[in-house]
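Chemist: coordinates for the following, if possible.
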Amino acid sequence: MSTVTRYTDRYVSRPGDGYDGVGLVSTTSSLGSGTLLANGRAVLTAAHVVDDNYGTIRVAFDGVDGRYWASVEEYWIHPGYDTNGCRDDLAILWLDEAVSLSIPRYELYRTTDELGQVATLVGYGATGLGSLGHTGGAGQQRSIVQNTLETTWTAVNAALVGNGWYTPPGSQLIADFDSGGSRYDTLGNLLGLEDTGLGDVEGMIAPGDSGGPAFVDGKLAGVASYAASLRGSDGQQLDSTYKIDSSFGELGAWQRVSHYQEWIDDRLAEMGSSLLAVVEGLALSGGGGRDLLLGEGGNDELHAAGGNDRLFGGAGDDRLAGGSGVDVARFEAKYAEANLSRNADGDLVVISNADDTDTLSDIELLSFEDRVVLVRIPELAKEEGFDENFYLISNPDVASAVMHGDFSSGYQHYQLYGAAEGRETGALSGFDESFYLHQNPDVAVAVVNNHYSSGYQHYRQYGDTEGRNPNVLFDELWYRKTNPDVEAAIEQGVYECAYEHYLAYGSLEARAPSAWMDTSTYLATNPDVASAGINPLTHFLEYGAEEGRVIVSADDWAWL
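Modeler: Residues are numbered from 1 along each chain as shown. Next comes the predicted model:
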C-alpha cells in the first residue's frame, strides 16, 4: 500500500487485529492477496493473480500462531475475465482443507450501498509514499489503510473520451488517492465528487495488493484489481508522478462483490459449500464437508448434509435441517429469552423473538448468545475394564517400572498398588451409545446383525482410529487441528486417537474438546467440579447438562 505519510507501524496489520484471514497468494509467476470466505476453504482473489499460473498455488495466513500455509486444490476464474479493462477480474481458490479455526473468515457485502462508504483496505503489496509512488517488493508485510469508495468505473468511463474499456455496468468500485488538497482530487476534477481524503489513514493499492479486500462494515465489498492514472478534461495530468505507481491522484479499482455474489455462490455450491441465503423461501443445501449456512431476511430452508455443519436462519421463520454429523443452530437471543417446544412431528421449535420462529430437525446443539445447549441429554455408557495403554500413558512412573522389568504390565501394577492408590483404570468415559449409533448408521446395522455387541465395542476396536466421535461435544478432527502437538503424536503412534489424549492429558490441561465447550470457563464457573479434579467434559455430559449447568463456545470464530 502507498500511504500519505512515511510508512510506519500505524499501517501494519498485525496478527490478531481481525484481518488474519487476508492471505498472501503465491503462484509460480506472481504474488497477490486474497480473502478467506466464511466456509474456511474458499479464498476470493483477482483473476490476474492466478491467470498465468502453471504450478502450485499456495496461500499464507499470518495469525496469532504464526504463518499458516494452505495449498490450493482447485480454482475458478470468472468466465468473462478479460485483461482489457480488467473486466470480471475475479477468481475463487479452493483450498485442500479448511484452514485453522484461529484464522478469521469473512462474509460477502451483499447490498449495493457501497458508494460513499469508507473501506478498509488490506493486502501484501509494495509500500511507498503517495508523493513518490510505491517502492520495494510485494509480500513482505500485511498492510492496512482506508479510502472512500466514491463511484463506479461506469461513471468514470462516461467522463472520458476514447477510453474503449468496457466493463459490466456498475461492476467496479472506484476510489482516488487524495493528498489532503484539491490538486490531486481526481474524482473531484472529473466528476465533481469533491473529497480531499481521510488524512493520514488514506492509502492506495500497489502491486501485491491485487486480489486483496476492501472491507465495509467488516464484510468483503471489493476485490482489488488495478490502479489507473488519468488526465482531466483540460488535458492536465491528475497524478503526482505522471506514471502508474500508486501515487497521489491515481484511481484504484475493486471488483464489486455485490455485483458478483451470484457467481460466487454458484461456484461454491458446486463444491457442496454455501455462504448465504438472501432470497425469500430459498432452499440452501450444504455439501459433505463442514459447511456454514447463513440465512438472512426471509423464510429460508437450510439443509445440512454430511459433516459438522453450522446453521443460522437469521430473520424470519426458517426451517433448519441437519444431517449426519454434529450440526449446530445459532440464535441471536439469550437462552432465557427463547421458547423451546416440540411440534406434532417431534421437531424442535425455537422462538427466539416475536418475529423469528425456527423449526429444527436432526440438530444436536443450539448456540445462544450466552450458552450452548444440548438438544438431547446424553446417556453415557457405564463400561468396566482396564486400558493398558491409557494406564501407562497416564502413569509414566509405572511405564518406566514396566520398562525396567519391575512389573510385567501396567495391569499387574494396578492390581498390586494402583487400585489402592486410586489410579484410574482407563475404562473409556464419556461414550454415548445412542449418539454413536445415530451418527454411524453403518455401525447400527452391524450391531443389529450381531457383528458387534454394541457401538462401544466398535468404537474401541475401530471407530476411534477412524476419526469417529464418542459423544456430541468431542470433535476428533477439530481437536487435532487445534492441537498440532496431538496430531504429531498420533502420526508417530503415541496415541491412537485424539480422544485418548484428551482423557489422559487434555482435560487436565483444560484443552477444549470441541468448538462448542470452553472447559476453562466450565471449571471456573463450577468450582466444585474443579476442586474434585473431575474431567469437565464427562462431568457435563453425565451430570451437568441435566443439572442445568452452562457451557459456552470455545471458538470465537465459529460463525465467521
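Chemist: and the helix of greatest length in the chain, what's buried?
Modeler: Determined from DSSP state H, the single longest helix within the chain is helix 257-270. Under the neighbour-count criterion of 16 or more other Cβ atoms under 10 Å, helix 257-270 has V257, S258, H259, Y260, Q261, W263, I264, D265, R267, L268 buried. Bear in mind the C-beta positions are built from the backbone N, C-alpha and C, glycine included.
Chemist: stretch 46-54 too?
Modeler: For stretch 46-54, the buried set under the neighbour-count rule, 16+ other Cβ under 10 Å, comprises A46, A47, H48, V49, V50, N53.
Chemist: for the strand ranked longest in the chain, which positions count as buried?
Modeler: Ranked by residue count, the top strand of the chain under DSSP state E comes out as strand 66-77. Of the residues in strand 66-77, those scored as buried under the neighbour-count criterion (16+ other Cβ under 10 Å) are Y68, A70, V72, Y75, W76, I77.
Chemist: just stretch 502-520 next, same as before
Modeler: By neighbour count, with 16+ other Cβ under 10 Å as the criterion, the buried positions of stretch 502-520 are 502-504, 506-507, 511-520.
Chemist: tally of neighbours for L149?
Modeler: 21 (other Cβ atoms under 10 Å).
Chemist: these two touch, right, it and A214?
Modeler: Yes - with contact taken as Cβ atoms under 8 Å, L149 and A214 are classed as touching, separated by 6.8 Å.
Chemist: what is in contact with those two at once?
Modeler: Taking Cβ atoms under 8 Å, 6 or more residues apart in numbering as the contact rule, L149 and A214 both touch A119, L173, A221, G222, W254.
Chemist: could those residues go into CSV alongside neighbour count, distance to Y452 and pLDDT?
Modeler: Formatted as CSV, the shared contacts of L149 and A214 follow (neighbours: other Cβ atoms under 10 Å; distance: Cβ to Cβ, whole Å; pLDDT from 0 to 100):
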residue, neighbour count, distance to Y452, pLDDT
A119, 23, 58, 97
L173, 28, 59, 97
A221, 25, 53, 97
G222, 27, 55, 97
W254, 27, 57, 97
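Chemist: looking at those, which one is closest to V201?
Modeler: Nearest to V201, judged by Cβ to Cβ, of these is A119 at 11.3 Å.
Chemist: which residue is the nearest non-sequential neighbour of the closest one?
Modeler: Leaving aside its sequence neighbours, A119 sits nearest to A214 (Cβ to Cβ, 6 or more residues apart in numbering; 4.0 Å).
Chemist: can you give me phi and psi for that neighbour?
Modeler: Summarising the backbone geometry of A214 under the convention degrees, to the nearest 10, its torsions are phi -110, psi 110.
Chemist: can you list contacts of stretch 61-72?
Modeler: 15-16, 20-24, 36, 43, 56-60, 93-97, 99-100, 102-103, 142.
Chemist: start to end distance for it?
Modeler: 13 Å (Cα to Cα, to the nearest Å).
Chemist: before we move on, what about stretch 411-420?
Modeler: Start and end residues of stretch 411-420 are separated by 13 Å (Cα to Cα).
Chemist: and what of stretch 464-471?
Modeler: In terms of Cα to Cα, the two terminal residues of stretch 464-471 are separated by 12 Å.
Chemist: for stretch 149-168, same thing?
Modeler: In stretch 149-168, first residue to last residue: 18 Å (Cα to Cα).
Chemist: pull out the buried positions in it.
Modeler: Going by neighbour count (16+ other Cβ under 10 Å), the buried part of stretch 149-168 is L149, E150, T151, T152, W153, A155, V156, N157, A159, T167.
Chemist: same deal with stretch 121-136?
Modeler: Of all the residues in stretch 121-136, those buried under the rule 16+ other Cβ under 10 Å are L121, V122, G123, Y124, G125, A126, T127, G128, L129, G130, G133, H134.
Chemist: which ones are touching the last one?
Modeler: Taking Cβ under 8 Å, 6+ apart, we find H134 in contact with S2, G125, A126, T127, G128, A206, P207, D245, S246.
Chemist: can you redo the buried residues of stretch 46-54 as a markdown table with pLDDT?
Modeler: As requested, those are exported to a markdown table (pLDDT from 0 to 100):
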| residue | pLDDT |
| --- | --- |
| A46 | 97 |
| A47 | 96 |
| H48 | 95 |
| V49 | 95 |
| V50 | 94 |
| N53 | 81 |
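Chemist: adding secondary structure and distance to E369, write the residues you listed out as TSV.
Modeler: What follows is those, written out as TSV (DSSP: H, G, I helix; E, B strand; the rest coil; distance: Cβ to Cβ, whole Å):
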residue	secondary structure	distance to E369
A46	coil	37
A47	helix	40
H48	helix	42
V49	helix	39
V50	helix	40
N53	coil	44
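Chemist: which one of those sits closest to S29?
Modeler: The closest of the buried residues of stretch 46-54 to S29 turns out to be N53 (Cβ to Cβ; 6.2 Å).
Chemist: nearest residue to that closest one in space, please, no chain neighbours.
Modeler: T27 (4.1 Å).
Chemist: now the one you found. Its backbone dihedrals?
Modeler: Listed backbone geometry of T27 is phi -120, psi -180, with angles given as degrees, to the nearest 10.
Chemist: list the contacts for it?
Modeler: T27 makes contact with V49, V50, D52, N53, G55, I57, according to Cβ under 8 Å, 6+ apart.
Chemist: of those, which pair is most distant in space?
Modeler: When Cβ to Cβ is used, the two most widely separated members of those are V49 and G55, lying 14.1 Å apart.
Chemist: thought V50 was touching T28?
Modeler: No - taking Cβ under 8 Å as the contact criterion, V50 and T28 are not neighbours in contact, 9.7 Å apart.
Chemist: need the overlap of contacts for these two.
Modeler: Overlap between the contact sets of V50 and T28, as judged by Cβ under 8 Å, 6+ apart, is given by I57.
Chemist: let me have the buried residues of strand 66-77 in CSV, extended by pLDDT.
Modeler: As requested, those are arranged in CSV below (pLDDT from 0 to 100):
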residue, pLDDT
Y68, 89
A70, 93
V72, 94
Y75, 94
W76, 94
I77, 95
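Chemist: any idea how far the longest helix of the chain is from the chain center?
Modeler: Using Cα atoms, centre = their mean, to the nearest Å, we find the averaged C-alpha position of helix 257-270 to lie 18 Å away from the chain's own average C-alpha position.
Chemist: so it versus strand 66-77, what angle?
Modeler: Angle between the axes of helix 257-270 and strand 66-77 is 90 degrees (criterion: axes from the mean of the first three to the mean of the last three Cα atoms, to 10 degrees).
Chemist: residues making contact with helix 257-270?
Modeler: Outside helix 257-270, the residues touching it (Cβ under 8 Å, 6+ apart) are 37, 39, 42, 44, 76, 78, 88, 90, 92, 108-112, 114, 168, 170-171, 220-223, 274-276, 285.
Chemist: restricted to strands, list those residues.
Modeler: With strands identified by DSSP E, the entries of the contacts of helix 257-270 that belong to them are A42, L44, W76, I92, L220, A221, G222, V223, S285.
Chemist: pull the contacting residues for the spatially closest residue to S429 that is not a sequence neighbour.
Modeler: If the residues on either side of it in the chain are set aside, S429 comes closest to T538, at 4.6 Å by Cβ to Cβ, 6+ apart. Residues near T538 by Cβ under 8 Å, 6+ apart: L380, S429, G430, S507.
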